[in-house]
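Peer 1: Next come a sequence and a model predicted from it.
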Amino acid sequence: MAGKTTEVSKTKANSRDLLTLIDPLCEGTIRDAILESFPHHDFLGEEDVPPGREASARAIDAKLKNLLATPPPPPPPSPSSSSSSSSSSPPSRRKKYLWIVDPIDGTTNFVNGIPLCMPSIAVADETGEVVVGVVRDPHRDETFAAARGRGATMNGVAIRCAPPGGRGGGNDDDGGLSLGDAVVAMGSPPATESMAMSLRALPALMPRVRTIRMLGSAAVMLAWVANGRLSAYWEYDLSSWDVAAGSILIEEAGGRITDLEGERWNLRTRKICGSVGGKVHGEILDTLAEAGVV
Ligand code: IPD
Ligand code: CA
């Protein structure tokens, strides 16, 4: 029985994008627990959304439009009084909080028995700002948690992004982590365009940093940036549920998370770079831009 649980039940966008029987079961368990305690909150889970970039962008967009602080667009004038369908709920039914859940981030690792796969859970408030994030790593018994303005922790102990001088190696004159000392992780994404961009980035980035890691769970890589194991994580195309929890972990641990142009990450951002901050963040973005990763 044990072996059966990780069998691939189907592929999603392509043969590299896997789904097991367990992914939707985990999501259902998480959703039931959340909605039992918070029946008036909204919920977005990876397994509720059809595969592919467009569908996941549409899904977060629809949920953000349903949050309280975003006024709904005025209804189009209707010739009849009968109500037409709309993607926005009427104000009275709109939600104040949105839970964003990836039940198993790192499904390929899960299928292969690689112990880097875990749930990633976040809450956004009525402005669309992520206010709570949790990444629970059962393999190492590590729970990463952050609340906006209240810091980030691992197993209840405060965490910070890597020390300003990095871990061993020559520091920059200004005391910041230099690109040459950075330990950078990146995705090995399933989609063709993202893969092409990752391949384009590698020859540019690899000689300039200490090392590159591709370990297959964006959620835990972002948590590892937050607790200083990694200097940075970047990926060309990720969905809200991959990044939401990690984004607040990094910001509350003193780091920075942006799109590839340096704009602060938000729930609609798909090209991401999270890092210890400082000048190494800009240097990674510059390197990617020079390599044509845009
Ligand atoms: C994937 C992981 C992986 C990243 C992919 C994601 P999933 O999520 O985060 O590290 O490179 O782009 O889709 O499918 O395992 O939940
Ligand atoms: Ca994921």
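Peer 2: Now that the structure is in, tell me what you want to look at. Ligands and ions are numbered 1, 2, ... in the order given.
Peer 1: contacts and neighbour counts: CA atoms only from here.
Peer 2: Noted.
Peer 1: Return the per-residue confidence for Ala162.
Peer 2: What the model reports as pLDDT for Ala162 is 83.
Peer 1: Report the secondary structure state of it.
Peer 2: coil (DSSP: H, G, I helix; E, B strand; the rest coil).
Peer 1: what do you get for Thr127?
Peer 2: coil.
Peer 1: Could you report the neighbour count for whichever residue of the stretch 151-294 of the chain sits closest to ligand 2?
Peer 2: Residue nearest to ligand 2 within the stretch 151-294 of the chain: Asp242 (4.4 Å; C-alpha to the ion). Residues within reach of Asp242, counting by other C-alpha atoms under 10 Å, total 28.
Peer 1: what about the helices in the stretch 1-150 of the chain?
Peer 2: For the stretch 1-150 of the chain, helices defined by DSSP state H, counting those that start in this stretch occupy the ranges 22-37, 53-65, 107-112.
Peer 1: Quick one: closest of the ones you listed to Met186.
Peer 2: Checking those against Met186 by C-alpha to C-alpha gives helix 107-112 as the closest, at 15.0 Å.
Peer 1: Check whether that closest one comes near ligand 2.
Peer 2: No: no part of helix 107-112 sits near ligand 2 under the criterion C-alpha under 5 Å from the ion; the closest distance found is 7.5 Å.
Peer 1: just to revisit the earlier point, possible to save the helices of the stretch 1-150 of the chain as JSON lines with mean pLDDT, distance to Pro75 and mean neighbour count?
Peer 2: Converted to JSON lines, the helices of the stretch 1-150 of the chain look like this (pLDDT from 0 to 100; distance: least, C-alpha to C-alpha, whole Å; neighbours: other C-alpha atoms under 10 Å):
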{"stretch": "helix 22-37", "mean pLDDT": "95", "distance to Pro75": "29", "mean neighbour count": "15"}
{"stretch": "helix 53-65", "mean pLDDT": "95", "distance to Pro75": "14", "mean neighbour count": "17"}
{"stretch": "helix 107-112", "mean pLDDT": "92", "distance to Pro75": "41", "mean neighbour count": "20"}
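Peer 1: Now tabulate those in TSV and tack on distance to Gly228.
Peer 2: Converted to TSV, the helices of the stretch 1-150 of the chain look like this (distance: least, C-alpha to C-alpha, whole Å):
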stretch	distance to Gly228
helix 22-37	28
helix 53-65	29
helix 107-112	22
